[in-house]
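[1] Sequence and predicted structure below; questions after.
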Amino acid sequence: MPKVIYDYNKCTGEAECADACPVDILESSENGRWCKPVDDEVENKDELDKYYKEVEPNDSSDLTLEFEMPSCIECQACVSSCPEDAIKIESD
Ligand code: SF4
Ligand code: SF4
C-alpha cells in the first residue's frame with residue numbers, strides 16, 4: 001500500500017501538491033494552513049483522526065503523519081511540486 005507522509009512542521013498549506021496530483025487524492029485543509037489526503041482515500045483512519053485532533057488545532061504542530069492511500073499511483077508529482085520538502089511517498 002502506498003503511503004503519503006506529511007511533515008506538518010514544514011507544510012505551509014499552499015496546496016501545490018494537491019494541484020499536482022493526477023488522481024485528485026490530496027486537498028487543502030478547511031483553514032488553508034495544511035494539506036492532507038481526501039478523507040475517503042485514507043485507509044488507516046486513525047491517522048486521519050490524529051490529523052484532525054492534533055494538526056488542525058495547533059499553529060505550531062510537531063507532527064509527521066503517514067496515510068495509507070490505495071489510489072496513489074506513486075507518480076511522485078506531489079513530491080516534485082513541494083517547495084518545502086514536506087511530503088514523501090513510500091511503498092511497503
Ligand atoms: S506542496 Fe508541500 S508545503 Fe505545499 S501544501 Fe503540499 S506538502 Fe504542504
Ligand atoms: S504520488 Fe502521485 S498519485 Fe500519489 S499522492 Fe502524490 S501526486 Fe498523487
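    Okay, I see it. Ligands and ions are numbered 1, 2, ... in the order given.

[2] For the chain, what lies in contact range of ligand 1?
    11-17, 35, 81-82, 84, 86-87 (CB under 6 Å from any ligand atom). Where you see a C-beta, it was placed from the backbone N, CA and C, and this is true even at glycine.

[3] switch the cut-off to 8 Å
    Taking CB under 8 Å from any ligand atom as the criterion, the chain approaches ligand 1 at residues 6-7, 10-18, 20, 26, 28, 34-35, 78, 81-87.

[4] Just those: which are in strands?
    Counted as lying in strands by DSSP state E, out of the residues of the chain next to ligand 1, are 6-7, 26, 28, 35, 87.

[5] Buried subset of those residues as a PyMOL selection?
    Buried subset of these, written as a PyMOL selection, criterion 16 or more other CB atoms under 10 Å:
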select buried, resi 6+7+26+28+35+87
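
[6] Closest one of the ones in strands among the residues of the chain next to ligand 1 to Ser71?
    Leu26 (10.8 Å; CB to CB).

[7] any idea of the pLDDT on the closest one?
    The per-residue pLDDT reported for Leu26 equals 98.

[8] Grab the most central residue of the chain for me.
    Lys36 (3.5 Å; CA atoms, centre = their mean).

[9] Quick check: residues of the chain near ligand 2?
    So the chain meets ligand 2 at 2, 4, 17, 20-26, 37, 69, 71-79, 81, 87, 89 (CB under 8 Å from any ligand atom).

[10] Give me the buried entries from the residues you listed.
    Here, 16+ other CB under 10 Å leaves 2, 4, 17, 20-21, 25-26, 37, 69, 72, 77-79, 81, 87, 89 buried among the residues of the chain next to ligand 2.

[11] Now for Ala77: which residues touch it?
    20-22 (CB atoms under 8 Å, 6 or more residues apart in numbering).

[12] Now do it against ligand 1, distance only.
    Distance of Ala77 to ligand 1, computed by CB to the nearest ligand atom, to the nearest Å: 10 Å.

[13] Adding pLDDT, write the contacts of Ala77 out as CSV.
    Shown next, in CSV, are the contacts of Ala77 (pLDDT from 0 to 100):
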residue, pLDDT
Ala20, 98
Cys21, 98
Pro22, 98
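
[14] Mind checking which of these are in helices?
    Using DSSP state H, Ala20 are the members of the contacts of Ala77 that sit in helices.
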